[in-house]
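Student: coords please:
(one chain, ligands or ions: 1)
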Amino acid sequence: MSIRVGPQCADAPHRWDEHMVARVVDAGLLQRHQEAFRDGICWSSDYSGYDAPFLALEIFHSSVKRILGEEFGPVLTHVACDFDPLPRSILASRAAIHGGCVLRDLNDRLPQSILDVVDAEESAARLRGRAAAAAFYRMLDAVLHDDGASLFLCAMKAPCVMHDQDCYVNALASWRASVEDFGAGQRPLVVNFSGITCVDWTGVGGQERFSGRSERPHAIWLRHREAAAAQGIEDVYFSECSTRYPVYQKQVHPLASTHHVLHVEVDPTALGHPVSRKSMFSAGISKATYVWVGAQDNNAVQEEFAALFHAPLELGGDAYLCAIEDEVRVYNAQHARQRKRPRLLSDAGNSYDTLVQSLGPGAMVRLETYRPTGAAFADVEQNELGYTSRAGNIIPSMLRHGTIVSFNKNRLVTQEELWTAQGVDVMPQAWGSRGASPLRDALVSLPSWKHKRLRGNSIHIPTAAAWIAYVLGNIRKLDLRLPESMTDPDPASEDS
Ligand SMILES: [Zn+2]
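Tutor: Sure, this is the predicted structure:
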């Protein structure tokens, strides 16, 4: 029996991909991954920000490929979609180099005539109050369920910012249109990941829940999954949201006829990573194309996932403080300039005084409040009793307006270090055999507030990778063929 260990030495948190794959091998799941990935993967994502889940998939995929060799299937297509121009610009800079489509919005999946009606009725309902808004969103969901088969067609297209035209929304259609020839029986695994808008369910959001504006994109996303599964053109979806998201009401019951839905609540600290970000991850397995062979009851799913990946937390957040002295000096100087405190430019070393001077007035006060607590880290933009971001020995959950300080080092935690803690490889000191993230160049040149916003809306990549690895390691393919319509040379012919 192998011993499951968490990160043991200073560089261990950065070798998380090796730890993860070792566990997958120990658990005997590798053969299922080999089967699942054999014909390649078609990936799409909706409202996933800079698409951290895709980075998670890529890292897991190349870790397995190192063991299984070249015949391990490739990642074939990548169709990302986000309504927010900031993450979309990161997705676009990546697609410009690596290919793929970047779509503007989930709303673009509905015809304009329907959108006009939805816009008008949504506004009217919201004016009537929360109960009316919730009733409207329930009605919208019911309509999209009833009409999904005719709305969310395989050959559906939407405006793409990369190609300045309408491109395929469904990843399988995008792949099919890009290949001239494919082997008999060849059928990639088709996956969607959504970081469905969480704001109405989080502790820091407005708690609008079923009457919140995020209900509309959620309904479009959900009913698109339902229709894609019914047509046999999508196999697995994943989502990530706040632990307050009611997954039974929002996914398990609505998709009961098309998907087997499972979920876990997990914080990176449970997997041995000294950074906090508690989330709920779900997955839906299309009953038309795959069968779930893991634990059936959801409590057992949580236990099975824990048995596979949980690890003791043996290191504090200091494990991420990899910046060299010069990088810290440059970072301090940038903050001094922003605060218009030029004295720091000549004295930008690590002293408590320098740290205090590089903060805004409110953050200075909070710094003094946190200091006597003995915490190694605190987010000095959040109050001491803040629910989501606690001071302590690990990196607190990263929020969109956070400023995280290290009391041990008497300095700010740098942007690069925070990206590293989130699992994006921007520091050579920490990226190990994975190498630089494909997003590194696009990210490092951004101003500080954009870094914060992107991270605050995102997910912890090693945790997402563990969830993807668990789910894809517990599915079995049914008889998989391309739908007849897609054996045509161009799937567009289906509805033109
Ligand atoms: Zn495109």
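
Student: what's near enough to touch residue 422?
Tutor: With contact taken as CB atoms under 8 Å, 6 or more residues apart in numbering, residue 422 is in contact with 52, 275, 277, 398, 455, 458-461. Quick note: C-beta positions are derived from backbone N, CA and C, even for glycine.

Student: want to throw those residues into JSON lines with distance to residue 92 and neighbour count?
Tutor: What follows is the contacts of residue 422, written out as JSON lines (distance: CB to CB, whole Å; neighbours: other CB atoms under 10 Å):
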{"residue": "52", "distance to residue 92": "16", "neighbour count": "28"}
{"residue": "275", "distance to residue 92": "28", "neighbour count": "25"}
{"residue": "277", "distance to residue 92": "26", "neighbour count": "22"}
{"residue": "398", "distance to residue 92": "23", "neighbour count": "26"}
{"residue": "455", "distance to residue 92": "19", "neighbour count": "24"}
{"residue": "458", "distance to residue 92": "17", "neighbour count": "25"}
{"residue": "459", "distance to residue 92": "20", "neighbour count": "25"}
{"residue": "460", "distance to residue 92": "24", "neighbour count": "27"}
{"residue": "461", "distance to residue 92": "20", "neighbour count": "27"}
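
Student: Just flag the most distant two among those.
Tutor: 52 and 275 (13.5 Å; CB to CB).

Student: Which residue comes closest to residue 126 once chain neighbours are left out?
Tutor: Spatial nearest neighbour of residue 126, excluding adjacent residues (CB to CB, 6 or more residues apart in numbering): residue 133 at 4.9 Å.

Student: Repeat that for residue 36.
Tutor: residue 472 (4.9 Å).

Student: same deal with residue 131?
Tutor: Closest to residue 131 by CB to CB, 6+ apart is residue 211, at 7.3 Å.

Student: List the residues that contact the one you found.
Tutor: 130-131, 133-134, 137.

Student: nearest to the ion, of these?
Tutor: residue 137 (29.8 Å; CB to the ion).

Student: What is the neighbour count of the residue of the stretch 1-150 of the chain found nearest the ion?
Tutor: The stretch 1-150 of the chain approaches the ion most closely through residue 101 (3.2 Å), counting by CB to the ion. Residues near residue 101, counting by other CB atoms under 10 Å, number 25.

Student: Kindly report the same for residue 209.
Tutor: 16.

Student: Can you classify the closest residue in space to it that isn't next to it in sequence by secondary structure?
Tutor: Using CB to CB, 6+ apart and skipping the chain neighbours, the partner closest in space to residue 209 is residue 200 (5.6 Å). Taken by DSSP: H, G, I helix; E, B strand; the rest coil, the conformation at residue 200 corresponds to coil.

Student: Could you do residue 102 as well?
Tutor: strand.

Student: could we number from 779 for the rest of this?
Tutor: Shifting the count to begin at 779 puts that one at residue 880.

Student: what's near enough to touch it?
Tutor: By CB under 8 Å, 6+ apart, the contact list for residue 880 reads 858-860, 866, 869-870, 873, 938-940.

Student: Could you do residue 1190 as well?
Tutor: Neighbouring residues of residue 1190 by CB under 8 Å, 6+ apart: 1109-1110, 1113, 1133, 1136, 1181-1184.

Student: how about the strands in the stretch 879-1028 of the chain?
Tutor: Using DSSP state E, counting those that start in this stretch, the strands of the stretch 879-1028 of the chain run over residues 879-881, 935-938, 943-946, 967-972, 1014-1019.

Student: need the residues of this protein near the ion, please.
Tutor: 879, 938, 940-941, 945 (CB under 5 Å from the ion).

Student: Near the nearest residue in space to residue 1138 that is not next to it in sequence, how many residues? Count them for me, please.
Tutor: Using CB to CB, 6+ apart and skipping the chain neighbours, the partner closest in space to residue 1138 is residue 1117 (7.3 Å). Residue 1117 is flanked by 13 other residues according to other CB under 10 Å.

Student: Residue 1117 and the ion: what is the separation?
Tutor: Taking CB to the ion, to the nearest Å as the measure, residue 1117 falls 42 Å from the ion.

Student: do residue 957 as well
Tutor: 16 Å.

Student: So, low pLDDT: which residues of the stretch 979-1128 of the chain?
Tutor: 981-983, 1120-1127 (pLDDT under 70).

Student: which residues in it form helices?
Tutor: Using DSSP state H, counting those that start in this stretch, the helices found in the stretch 979-1128 of the chain span residues 993-1008, 1025, 1076-1087, 1103-1116, 1121-1124.
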